[in-house]
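Participant: with the input below, show me the fold.
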Amino acid sequence: MTIIDMPRGGLVRVAAVWVGATLFGLLVAATTTIGPTVLSLSYNHGVHLGDLVAFAGAYLMAAAVTVSEFERHQNRK
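Facilitator: Numbers count the residues shown, from 1 in each chain. Down below sits the predicted model:
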């Protein structure tokens, strides 16, 4: 059994959570300069430590929701 066997509503929720997590990370990266620069992309652009923390937190939450949805589907069968 794969995760594709989930009902359409579960897949839509999982996809929406991952899209939301990515948008959150991009919003944080675009609007803040939290922490030191980890990677310089040009003389005035770079990746800050806060950007990495925001993406890591958002993706961990999205992964937890994905696992939760999968387990919920498994328990129904």
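Participant: which helix in the chain has the most residues?
Facilitator: helix 49-76 (DSSP state H).
Participant: and the gap between residue 18 and residue 33?
Facilitator: Per Cβ to Cβ, to the nearest Å, residue 18 is found 26 Å from residue 33. Where C-beta positions appear, they are placed from N, C-alpha and C, glycine not excepted.
Participant: same drill for the two, tell me which one is more crowded.
Facilitator: residue 18 (16 against 12; other Cβ atoms under 10 Å).
Participant: and the contacts of the longest strand seen in the chain?
Facilitator: When the chain is parsed with DSSP state E, its longest strand is strand 37-42. If you take Cβ atoms under 8 Å, 6 or more residues apart in numbering as the criterion, strand 37-42 is touched by 46, 47, 48, 49, 51, 52.
Participant: how does it look with 10 Å?
Facilitator: Strand 37-42 has contacts (Cβ atoms under 10 Å, 6 or more residues apart in numbering) with 45, 46, 47, 48, 49, 50, 51, 52.
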